[in-house]
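S.K.: build the 3D model from these lines:
(chains A and B)
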Amino acid sequence: MDENPHWYLGETGFTILAWGSVALLLLALVVILAIWVYELRNDQVW
Amino acid sequence: MSEDAFLDPLVGAAIMVVFSLLWIGLGVHWGRTNSEGTKGYLFAGRNVGLALVTATLMATWVTGNTVLAAPEQAYKIGVWGVIGYCFAGFGLLAFAPLALRIRRLMPNGFTSGDFMRLRYGRGAWVPFMAISVFYFLAFLITLGMGAGLLVEALTGLDYHVGLLTVMIVTTIYTLLGGMRGVIGMDFIQAMIILGLLIVVAFMALTTYSPAEIQAGVIENKPGHLDLLLPAGLLYAWNTGLFSMGEVFHSNIWWMRAYSSRPSVNLKGFIVSGVAWMTVPLVAGVVTLVAIAFPGDFDIPQVNMVLPVVASTLLGPLGAALIFIVVFAALASTGSGLLTATATLLAQDFYRPFVNPEADDETMKQTVRRLIAVLCVLTIALAWVYVTSMYGLLLFAGALVGSTVWPVLCGLYWDKTNPVAASAGMVLGSASGLVFYFAVSSFGAALTGFVVSALVTVLGSRAKPQDFDWKILAYAGHERTSAMKEG
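M.R.: Below you'll find the model as predicted:
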């Protein structure tokens, strides 16, 4: 008999994990590009 | 040729040709802007901004494994496979304050070996270099083999086509562009990796809603969504510690700390660590579609689960997108490895032992020659695929864990004793290897980490040293004097 405790990720939790991870990935891309544009305008890329 | 390939070999070859020409062309472009000797060639002027620092750190840490092994773990373990793989990002996050301190203490430093030599002397430098060089060679060989295998599995092209293309193209643009070319290319490759993964993830989550995926996984393999899975917790913990060992000693990250503008060092490592975590997270979550709807996906081998999902959802376009992501990940890691290893060999072996009076131009040419030699050596050693070579990298993991505390204490604690640091690395590595062979490869890095911590800290408390931090400012200027003193 399995006596280990279990805590299954529910529908809401999984939805947050799935779309949240995609949103984070998109945010990472946008942030890096935004910093690059800012640094490009201010001659700070290199 | 493999009959299970996801992409037409001609399309695969066309993608490799187009991207190879693009990268070599950009290497030529960036190479023309290198005009400051080793400062320009090896450290891109030592003033790289936040965007490029973040992108190069992220792209270098995203290997072919991140894109394919993270989904494999998700497929095998479930949600903890995804989260656990993300813990490898802690290596970059934990190194952030160290990078800042490294840049402040050694504004003109070249390598991680510089630090060991000046901070502890030859007694600690020898085991540190032995560990570092072994790790880099193992990493290069497995990267070459990984390139051959992945190209073969994804396109059906021969193993040697992938090996030769990735190694030769990477070497050419690294030779031509130097660190400026490597970092510039890493930026483009990071954008490719992030952008294309978003497309694949968006398509997957709009075809199958997260609610449908969750319900399907609960029905087929409920354990895959168990947040209290003991094996998952252990996997995550071990991955985090292993990544710290891989990052702390590695000249790849030290060279990026030396290259970046001091004001962006800390932020660059933190942003890249978080950004990196999103890659295995997204790739892993998408993969759970294959668990929820097993009838829709034919998985011939578990490490190919993401290409299968992508090509099933998006057709040949999906397979092409994943192939581009993998090709970019392999090239960005390869260029970082080649530069870091060649610089380590030039600064820590060639300069002190072969040519103590080597000037800036001689060092630059030596690094270039060593990059070419490493390329040839990697191709030769990876020419015949040997499964056990991957064991070599895990074997190296048992060693790198023992370098974390000597690096950490050496950077922050002036009482750290050189003999204790040296003994920490030797005894930590030895105990890690004993664990590796006698028990399992799983906790080998952790064993080396713990033993080295105890030896380094207790030994230094028993016989504390008073180290003058100003000595480290000689890094990059000294020739053989420090070595002789050690």
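S.K.: within range of chain B, give me the residues from chain A.
M.R.: A:4-11, A:14-15, A:17-19, A:21-22, A:24-26, A:28-29, A:31-33, A:35-36, A:38-39, A:44-46 (C-beta under 8 Å from any C-beta of the partner chain). Backbone N, C-alpha and C define where each C-beta goes, glycine included.
S.K.: let's see which of those residues end up in helices.
M.R.: A:11, A:14-15, A:17-19, A:21-22, A:24-26, A:28-29, A:31-33, A:35-36, A:38-39 (DSSP state H).
S.K.: related to what we said a few turns ago, show the buried residues in the residues of chain A next to chain B.
M.R.: Among those, those buried by neighbour count (16 or more other C-beta atoms under 10 Å in any protein chain shown) are A:8-9, A:14-15, A:17-19, A:21-22, A:24-26, A:28-29, A:31-33, A:35-36, A:39, A:44-46.
S.K.: neighbours of the nearest residue to B:Val386 once chain neighbours are set aside, how many?
M.R.: Spatial nearest neighbour of B:Val386, excluding adjacent residues (C-beta to C-beta, 6 or more residues apart in numbering or on different chains): B:Met145 at 7.9 Å. Using other C-beta atoms under 10 Å in any protein chain shown, B:Met145 is surrounded by 23 other residues.
S.K.: tell me, which helix in chain B spans the most residues?
M.R.: helix B:159-207.
S.K.: now it: average pLDDT?
M.R.: Helix B:159-207 carries an average pLDDT of 90.
S.K.: for stretch B:76-93, same thing?
M.R.: 90.
S.K.: next up, the contacts around B:Ala74.
M.R.: B:81-82, B:85, B:283-285, B:287-288, B:305 (C-beta atoms under 8 Å, 6 or more residues apart in numbering or on different chains).
S.K.: how close does the residue nearest to the spatial centre of chain A sit to B:Val62?
M.R.: Central residue of chain A (C-alpha atoms, centre = their mean): A:Leu24, 2.0 Å from the mean position. Counting by C-beta to C-beta, to the nearest Å, the separation of A:Leu24 from B:Val62 is 15 Å.
S.K.: where does the stretch 251-400 of chain B dip in pLDDT?
M.R.: Along the stretch 251-400 of chain B, segments meeting pLDDT under 70 span B:387-393.
S.K.: what's near enough to touch residue 29?
M.R.: Answering for chain A, as no chain was given. A:Leu29 touches B:191, B:194-195, B:198, counting by C-beta under 8 Å, 6+ apart.
S.K.: I was after chain B.
M.R.: Per C-beta under 8 Å, 6+ apart, neighbours of B:His29: B:Gly177.
S.K.: same check, this time on B:Val182
M.R.: B:56, B:173-174, B:335-336, B:339.
S.K.: farthest pair in these?
M.R.: B:Thr56 and B:Tyr173 (13.7 Å; C-beta to C-beta).
S.K.: the two: which is more packed in?
M.R.: A direct count of neighbours by other C-beta under 10 Å for B:Thr56 and B:Tyr173 places B:Thr56 higher, at 30 against 26.
S.K.: ok, the more buried one to B:Leu175 distance?
M.R.: 18 Å.
S.K.: tell me the pLDDT at residue 2?
M.R.: Just going to use chain A. pLDDT at A:Asp2 comes out at 63.
S.K.: to clarify, I was referring to chain B.
M.R.: 49.
S.K.: got the residues of the stretch 251-400 of chain B near chain A?
M.R.: So the stretch 251-400 of chain B meets chain A at B:261, B:271, B:274-275, B:277-279, B:281-282, B:285 (C-beta under 8 Å from any C-beta).
S.K.: gap between B:Met277 and B:Phe110?
M.R.: 30 Å.
S.K.: go on, B:Glu72?
M.R.: 37 Å.
S.K.: higher neighbour count, those two?
M.R.: More crowded of B:Glu72 and B:Phe110, by other C-beta under 10 Å: B:Phe110, with 25 against 21.
S.K.: B:Lys39 is in contact with that one, correct?
M.R.: No. Counting by C-beta atoms under 8 Å, B:Phe110 does not reach B:Lys39; the two are 10.3 Å apart.
S.K.: if I look at B:Cys169, how far off is chain A?
M.R.: Let me fix one detail, which is that residue B:169 is Val and not Cys. 23 Å (C-beta to the nearest C-beta, to the nearest Å).
S.K.: wait, isn't that residue in contact with B:Ile24?
M.R.: Yes. Counting by C-beta under 8 Å, B:Ile24 is a contact partner of B:Val169 at 6.4 Å.
S.K.: out of these two, which sits in the more crowded spot?
M.R.: Neighbour count, other C-beta under 10 Å: between B:Val169 and B:Ile24, B:Val169 has more, with 24 against 19.
S.K.: return the residues in contact with the more buried one.
M.R.: B:Val169 neighbours (C-beta under 8 Å, 6+ apart): B:20, B:23-24, B:331.
S.K.: how about B:Phe6?
M.R.: B:153-155, B:304, B:307-308, B:311, B:319, B:322-323.
S.K.: now for the residues you listed: which two are most distant?
M.R.: It's B:Thr155 and B:Val308 that sit farthest apart of the contacts of B:Phe6, by C-beta to C-beta, at 14.4 Å.
S.K.: now do the buried residues in stretch B:349-360.
M.R.: Residues of stretch B:349-360 classed as buried: B:350-352, B:358 (neighbour count, 16+ other C-beta under 10 Å).
S.K.: same thing with stretch B:66-85?
M.R.: B:66-75, B:77-85.
S.K.: one more: stretch B:25-41?
M.R.: B:26-27, B:30-31, B:33-34, B:36, B:38-41.
S.K.: next, format those residues as a markdown table and append distance to B:Ile299.
M.R.: Shown next, in a markdown table, are the buried residues of stretch B:25-41 (distance: C-beta to C-beta, whole Å):
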| residue | distance to B:Ile299 |
| --- | --- |
| B:Leu26 | 36 |
| B:Gly27 | 37 |
| B:Trp30 | 41 |
| B:Gly31 | 43 |
| B:Thr33 | 46 |
| B:Asn34 | 46 |
| B:Glu36 | 51 |
| B:Thr38 | 48 |
| B:Lys39 | 50 |
| B:Gly40 | 48 |
| B:Tyr41 | 45 |
